[in-house]
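1. Sequence first, then the predicted structure, then my questions.
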Amino acid sequence: DIQMTQSPSSVSASVGDRVTITCRASQDINNWLAWYQKKPGQAPKLLIFAASSLESEIPARFSGSGSGTDFTLIISSLQPEDFATYYCQQAKIFPYTFGQGTKLEIK
Amino acid sequence: DVQLLQSGGDVVPPGGSLRLSCEVSGFTFSSHAMTWVRQAPGKGLEWVSAISARGIPTYYADSVRGRFTISRDNFKNTLYLQLNSLRDEDTAVYYCASYASGSRFSGGIGWFDRWGQGTMVTVSS
């Protein structure tokens, strides 16, 4: 199975900050990577697919990049509603696997 | 409006069985592959199973293969997950979700854009 490793596991930031979350795959997944936002009591929300494509109705402050084994999610200017846990998912091959999550907390 | 309405979660003893349902409206269910993802308390997301738009093939995580069965009824616009031989470690919120346009189920390429509200399965004696 492909292992997905996110860093950091948690990060504290303030409204207006720029935040970068990284995700590393244990083998080449081309650009078959998705990012999700998860809030307690809510379903996951798709943010980015195919590594860098922004899902419909997701604000442009979210962006993704990378290919192969190394990927990045950037939130350019944090808003209060962005405090949540973020997960990457390799979308190349069964079984799909998620990173362990990055919890974004208010500083 | 798109809606994935989940039901079936419950408290069951170890070794017990349960069937989860996910009734879809607002999009053409029969055109989309579907999946189940779960989240154990305090843990991350774990992919469980997936099914093609027509019902075969199906895929499973190693942790549930042989115990869980995914199926669908395209006439009832409903996705199912039959959970048998339940273990403590199956305790989780289970989410159904649809494959997004642009995914290629036959090639194993998949991300998920529409999700149910989740249903809690607790395995406890």
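-> Arrived safely. Numbers count the residues shown, from 1 in each chain, chains lettered A, B, ... in the order given.
2. looking at it, residue B:53 is touching residue B:106, isn't it?
-> No. Applying Cβ atoms under 8 Å, one finds residue B:53 not in contact with residue B:106, separated by 9.9 Å. To be clear about C-beta, it is placed using only N, CA and C from the backbone, and glycine gets the same treatment.
3. The two - which one has more neighbours?
-> Neighbours were counted for residue B:53 and for residue B:106 using other Cβ atoms under 10 Å in any protein chain shown; residue B:53 has more, 17 against 10.
4. OK, contacts around the more buried one?
-> Applying Cβ atoms under 8 Å, 6 or more residues apart in numbering or on different chains, we find residue B:53 in contact with B:30-33, B:74, B:105.
5. make it 6 Å
-> Residues touching residue B:53, when contacts are defined by Cβ atoms under 6 Å, 6 or more residues apart in numbering or on different chains, comprise B:31-33.
6. now the residue nearest the centre of chain B, what's its secondary structure?
-> Note on chain B: the residue nearest the mean C-alpha position is residue B:36, at 2.6 Å, using Cα atoms, centre = their mean. In terms of secondary structure, residue B:36 is strand; the call rests on DSSP: H, G, I helix; E, B strand; the rest coil.
7. any idea how far it is from residue A:55?
-> With distances defined as Cβ to Cβ, to the nearest Å, the gap from residue B:36 to residue A:55 amounts to 20 Å.
8. same question, residue B:59
-> For residue B:59, the distance to residue A:55 - Cβ to Cβ - is 23 Å.
9. what does residue B:76 give?
-> Applying Cβ to Cβ, one obtains 28 Å for the distance of residue B:76 from residue A:55.
10. swap in residue A:30?
-> Per Cβ to Cβ, residue A:30 is found 19 Å from residue A:55.
11. Torsion angles phi and psi at the residue nearest to residue A:105 when sequence neighbours are not counted?
-> Using Cβ to Cβ, 6 or more residues apart in numbering or on different chains and skipping residues adjacent in sequence, the residue nearest residue A:105 is residue A:12, 5.0 Å away. According to degrees, to the nearest 10, the main-chain angles of residue A:12 amount to phi -100, psi 130.
12. Residue A:12 reaches residue A:107, doesn't it?
-> Yes. The pair residue A:12 and residue A:107 qualifies as a contact (Cβ atoms under 6 Å) at a distance of 4.2 Å.
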